[in-house]
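Novice: Provided below for reference: sequence and predicted model.
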Amino acid sequence: MNKTYPSILFAITILLSAGFILPQSAQAHCQIPCGIYDDYARLLSMLEDAATVEKSVNKMIELTGKMDVQSQNQMIRWVMNKEDHAQKVIDTISDYYLTQRVKPSQKDYAERLKHHHAVILAAMKAKQNADLKSVKALKKSISALAAYYPEHKH
């Protein structure tokens, strides 16, 4: 038997095992028609992300001009927080709504696509800017999707 054969088997076993041991990143949706996700709940989650972006911008405005180390540290943290939550909105639209809920077979496909794309653009602007005007546009664009995803009373 070749001496490298057991080494190759060992390396393959380690690599395959790593996939089960190492933490895996979770996707926004399993992308199969499991039917367990609540579109309205996702909408509320995006509005919560937008509120977090708004709070981040307000905190950044409060910290403007403060040059002490703690204020600078907090400024960086609020910027990162703003970026993270705006990206979450983009990810939710892209990974969930555009892959699962907006379909070419829908009569109003072009209109739906336009509204969902508006959310992505507004979130991008909220990442690029640190002003409340961008936040307001983000919240408005998310809220406009409520017509497509009404709350379901169980």
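Specialist: Now that the structure is in, tell me what you want to look at. Residues are numbered from 1 along each chain as shown.
Novice: Counting by contacts, list what whichever strand or helix holds residue 142 packs against.
Specialist: Using DSSP states H and E, residue 142 sits in helix 132-143. If contacts are counted by 3 or more Cβ pairs under 8 Å, 6 or more residues apart in numbering; DSSP states H and E, helix 132-143 sits against helix 39-63, helix 69-92, helix 109-128. Backbone N, C-alpha and C define where each C-beta goes, glycine included.
Novice: Let me have those in CSV, extended by mean pLDDT.
Specialist: Converted to CSV, the helices and strands packed on helix 132-143 look like this (pLDDT from 0 to 100):
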stretch, mean pLDDT
helix 39-63, 97
helix 69-92, 98
helix 109-128, 98
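Novice: mind checking which of those helices is nearest residue 149?
Specialist: Ranking the helices and strands packed on helix 132-143 by distance to residue 149, with Cβ to Cβ as the measure, places helix 39-63 first at 4.0 Å.
Novice: How about the closest one, which residues are buried there?
Specialist: The neighbour-count check on helix 39-63 (16 or more other Cβ atoms under 10 Å) flags 39, 42-43, 45-47, 49-50, 52-54, 56-57, 59-60, 63 as buried.
Novice: Likewise for stretch 124-144?
Specialist: Judged by neighbour count (16+ other Cβ under 10 Å), stretch 124-144 contains these buried residues: 124-127, 130, 134-135, 137-139, 141-142.
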